[in-house]
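Chemist: Predicted model and sequence follow; I will ask about them next.
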Amino acid sequence: MKVLAGRVGQGLRTWAIPVSPAAPANRALAAINSISKAEWASGNNAALVTRVIAASSGADLEKLAAMGDARAQFLAGRAYTFGSDGFPKDENEAVRLYRLAAAQGDEYAKAQLKRLGK
C-alpha cells in the first residue's frame, strides 16, 4: 500500500492506494515494448540493456524475466554475460536466462548460446 496525504478543504486527509507488485515489472515491460524492430535487429544489445534499466531498474528487468518475458530474459542474460549495468558477471546465470528465452523461440538468445558454445 502506498499512503498519500493531502489537504481537502480545511482538513488533512490520507488515502491508502494499493500498489500492484507487478508495477516495477511493468516499467521494464514498457521500456522493452518501446524498442523498435530495427533497434533489436541492430545488434547493439548493450545499449538496449542500458535503456531498459535507465527507464526502470535492474531489479525491474529481473522481475520481468522471472515472470517469463523472453525479451527480458535475453537482456538480463546479456547484462550477466558482460557484468554490465550493475549486474555481476555470471556466465551460469546468463546461460540459464538465455536458455529460458531460447525455449520461447527468442532468436537472439539462441544466437548468444551458440556464441557461448552452449
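Modeler: Noted; the coordinates are in hand.
Chemist: for this protein, what helix or strand is lowest in average pLDDT?
Modeler: strand 2-8 (a mean of 42; mean pLDDT, DSSP states H and E).
Chemist: Would you mind measuring from Arg44 to Gly117?
Modeler: Actually, residue 44 is Asn. It isn't Arg. With distances taken as CB to CB, to the nearest Å, Asn44 is found 23 Å from Gly117. In this view, the C-beta of every residue, glycine as well, is placed from N, C-alpha and C.
Chemist: could you show me where the strands are in the protein, in order?
Modeler: 2-8, 11-17 (DSSP state E).
Chemist: which one is Leu61 nearest to, not counting chain neighbours?
Modeler: Leaving aside its chain neighbours, Leu61 sits nearest to Ala28 (4.9 Å; criterion: CB to CB, 6 or more residues apart in numbering).
Chemist: ok, the one you found - how many residues close by?
Modeler: Neighbourhood size, Ala28 [other CB atoms under 10 Å]: 28.
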